[in-house]
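Novice: Please work out how this folds:
(2 chains)
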Amino acid sequence: EVKLLESGGGLVQPGGSLRLSCAASGFTFTDFYMNWIRQPAERAPEWLDFIRHKASGYTTEYNPSVKGRFTISRDNTQNMLYLQMNTLRAEDTATYYCARGDYPGWFAYWGQGTLVTVSS
Amino acid sequence: EIVLTQSPTTMAASPGEKVTITCRASSSVSYIHWYQQKPGASPKPWIYDTSKLASGVPNRFSGSGSGTSYSLTISSMETEDTATYYCQQWSSKSPYTFGAGTKLELK
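Specialist: Predicted structure coming up:
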């Protein structure tokens, strides 16, 4: 069974940093793109970034809305996905999900999410 | 960035009624996918590549469309179908984007 479990969310002050983690299990981690997606309360999801699979050299792509502030990475020995978020703003407040990428752009599995609140 | 416009924003349907949700893209897209989300839960993969049902999705659901116009249809509304539905696109020319969602309620 595919499982994705995010952690690391919480309350952070504007301008601060936070690192989210996603523990993956139930599949061959290196075979899949992995994504971060966020969703502010009562709004649509927003795709943030992905990191490609082994066959594509684990390269990354970012949504311009977070490029330069957020960094996605993976530890393939531990089946872990990470999101380093810097210079956080109030508008970054949202539930953050990791998601496995299957078919082109298809988020076939999602975690339960971790809430990030940016506020003073 | 490709913008997806869903309509209607909210709607109510009676049990047994046919439901159609549309999703229009600002430019032609390569793939359209759909997700179902209920309050307090993560989005659930629902329909991928325009018309393929995800595992466990009832066959009263269907998807269709091409180019810039797509739709999700429920042939006969059931109580459990109340949820918000989001379309999402993949195109090599744009970041992945989602529509604003259609909230489907029971009449």
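
Novice: contacting residues for whichever residue of chain A sits closest to chain B?
Specialist: Using C-beta to the nearest C-beta, the single residue of chain A nearest to chain B is A:G105, 2.6 Å away. Heads up, the C-betas are built off the backbone N, CA and C, glycines and all. By C-beta atoms under 8 Å, 6 or more residues apart in numbering or on different chains, the residues touching A:G105 are B:S30, B:Y31, B:H33, B:Q88, B:Q89, B:W90, B:Y96.

Novice: The helix or strand of chain B with the lowest mean pLDDT - contacts with which helices or strands?
Specialist: Sorting the helices and strands of chain B by mean pLDDT, DSSP states H and E puts strand B:94-98 at the bottom, at a mean of 92. Applying 3 or more C-beta pairs under 8 Å, 6 or more residues apart in numbering or on different chains; DSSP states H and E, one finds that strand B:94-98 contacts strand A:46-51, strand B:83-91.

Novice: Can you list the strands that that strand pairs with?
Specialist: Next to strand B:94-98 in the sheet, as set by DSSP bridges, lie strand B:83-91 (antiparallel).

Novice: Which secondary structure element is home to the residue nearest in space to the middle of chain A?
Specialist: Compute the mean C-alpha point of chain A, and by C-alpha atoms, centre = their mean the closest residue is A:W36, 2.6 Å away. Using DSSP states H and E, A:W36 maps to strand A:33-39.

Novice: Can you list the strands that that strand pairs with?
Specialist: strand A:46-51 (antiparallel), strand A:94-101 (antiparallel).

Novice: Just give me the neighbour total for B:V57.
Specialist: A total of 16 residues lie near B:V57 under the criterion other C-beta atoms under 10 Å in any protein chain shown.

Novice: Could you find the closest non-adjacent residue to it?
Specialist: B:W46 (5.7 Å; C-beta to C-beta, 6 or more residues apart in numbering or on different chains).

Novice: how close does the one you found get to A:K67?
Specialist: 29 Å (C-beta to C-beta, to the nearest Å).

Novice: neighbour-wise, which of the two wins?
Specialist: Shown here are B:W46 and A:K67; by other C-beta under 10 Å, B:W46 has more neighbours (21 against 14).

Novice: residues in contact with that one?
Specialist: B:H33, B:W34, B:Y35, B:Q36, B:L53, B:A54, B:V57, B:F61, B:L72, B:Y85.

Novice: And A:P45, by the same measure?
Specialist: Contacts of A:P45 by C-beta under 8 Å, 6+ apart are A:I37, A:R38, A:Q39, A:Y97, B:Y35, B:P43, B:Y86, B:Q88, B:F98.

Novice: Which of these sits closest to B:T20?
Specialist: B:Y86 (15.6 Å; C-beta to C-beta).

Novice: Is any residue of stretch B:9-27 near chain A?
Specialist: No - on the criterion C-beta under 8 Å from any C-beta of the partner chain, stretch B:9-27 is out of touch with chain A, staying 11.3 Å away.

Novice: Please enumerate residues in contact with that stretch?
Specialist: B:2-8, B:32, B:34, B:65, B:67-79, B:81, B:85, B:87, B:89, B:91, B:93-94, B:99-107.

Novice: Also stretch B:73-84?
Specialist: B:13-21, B:36-38, B:58, B:60-64, B:101-106.

Novice: Can you spell out which residues form a bridge with A:G101?
Specialist: Here A:G101, judged by DSSP bridges, has bridge partners A:Y33, A:F107.

Novice: now do B:W34
Specialist: Going by DSSP bridges, B:W34 forms beta bridges with B:I47, B:C87.
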